[in-house]
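**Student:** Provided below are the primary sequence and the corresponding predicted coordinates.
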Amino acid sequence: MEITILGTSSAIPIPGRNLSGTVLKYENEHILFDCGEGTQFSIRKLQLHPSKIKTICITHLHGDHAFGLPGLISGINYSNKSDYLTIIGPQGIKELLDVSQKHQQFFADFPIEIRELEFMESPGVVYESAYYSISAVSLNHRIPAFGYRFDEHTRSGKLDVDLAEKLGVQKGPLFRELKEGRSVLSESGKLISPSDVLAEPKPSKSFCYITDTRYCSRSIALAKGCDLMMHEATYLHELKAKADETGHSTALEAAMIAKEAGVKKLVLFHYSARYPNLNPLYREAISVFPATQMGNDLETLRIE
């Protein structure tokens, strides 16, 4: 599973820092979190195929997180996409896209499903496939905003084919039954359980994306035990009053969230343009949570 950061700047882009957008690559699917202006350019620069984007999760409707969406949809249309694109976000996102399409700011010859979220006090699943789920929770910003979490479903361990055949299980549909956790009958009529022929289940992976929020206990609930959390670090803690006023977090608060949630790794992003040098933000965060790294534009992170 790979996480590719498309932009790390807050409010306005600056040289070397684009606006918010992050792609999670899982198997043959891409899931996009936020879509600021310039997202489409970054996607093409990284040679990520737009047609593979299955789901777009928008945290809130401020321009630096959503204004790239009509252009991206138009770009996806040129990639000959035919399957569904699901767009998840706060109430108002459907109206934003309806108006854009009405005035021909984009065309989409593929089906689009829009899921608008209402206030969520506790994390809840907002999208689910056969292989993973996406949860969301309300954050504490100036307008309705949501954090998102990706959880891979528990995957069964590798099937020992030789052992299964020795136990009299015929190759084919019965192998699939075992992989899916169901017992089968061998040729001799003996009941073979999955634990007889499967290795230990592979540990599932998780990713959390939290931005544009004041320090918030709901963020902790969403990120609990996560493998990798991306969290905004717009300001140093000396500007906490400004962070509170504008609905943002400091680097110190991001580290506190990571520590209290027990995440394995924290990646900071969404930096104010007032910080051309990010070292002070990094030093502030690692004083609380050592397993911190600074996110950089066009950087790819792996969750093993």
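**Tutor:** Here it is on my side, so go on. Every value quoted in this text rests on a predicted model; they were computed, and no experiment measured them.

**Student:** correct me, but residue 187 touches residue 168?
**Tutor:** Yes - if you go by Cβ atoms under 8 Å, residue 187 and residue 168 touch, sitting 4.2 Å apart. Where you see a C-beta, it was placed from the backbone N, CA and C, and this is true even at glycine.

**Student:** the more surrounded of those two?
**Tutor:** Neighbours were counted for residue 187 and for residue 168 using other Cβ atoms under 10 Å; residue 168 has more, 15 against 10.

**Student:** in three-state terms, label the more buried one for me.
**Tutor:** coil (DSSP: H, G, I helix; E, B strand; the rest coil).

**Student:** give me the spatial nearest neighbour of residue 155, chain neighbours excluded.
**Tutor:** Residue nearest to residue 155 in three dimensions, not counting chain neighbours: residue 202, with 4.5 Å by Cβ to Cβ, 6 or more residues apart in numbering.

**Student:** could you list the buried residues of stretch 215-228?
**Tutor:** By 16 or more other Cβ atoms under 10 Å, the buried positions in stretch 215-228 come out as 215-216, 218-223, 226-228.

**Student:** closest to residue 48 among those?
**Tutor:** residue 228 (18.8 Å; Cβ to Cβ).

**Student:** quick one, strands of the stretch 1-150 of the chain?
**Tutor:** Secondary structure of the stretch 1-150 of the chain (DSSP state E, counting those that start in this stretch): strands at 2-7, 21-26, 29-33, 53-57, 85-90, 112-117, 124-128, 132-138, 146-152.

**Student:** any idea which helix or strand in this protein has the lowest mean pLDDT?
**Tutor:** helix 173-179 (a mean of 87; mean pLDDT, DSSP states H and E).

**Student:** after that one, next one along is what?
**Tutor:** Going down the chain from helix 173-179, the next helix or strand is strand 184-185, by DSSP states H and E.

**Student:** against which helices or strands is the least confident helix or strand of the chain packed?
**Tutor:** With contacts defined as 3 or more Cβ pairs under 8 Å, 6 or more residues apart in numbering; DSSP states H and E, helix 173-179 has these neighbours: helix 161-166, strand 184-185, helix 194-197.

**Student:** ok, which of these comes nearest residue 58?
**Tutor:** Closest to residue 58 of these is helix 194-197 (Cβ to Cβ; 39.5 Å).

**Student:** sheet-wise, list the partners of the next helix or strand after the closest one with their directions.
**Tutor:** Once helix 194-197 ends, the next helix or strand along the chain (criterion: DSSP H and E) is strand 206-210. Here strand 206-210 has these sheet partners by DSSP bridges: strand 146-152 (antiparallel), strand 228-232 (parallel).
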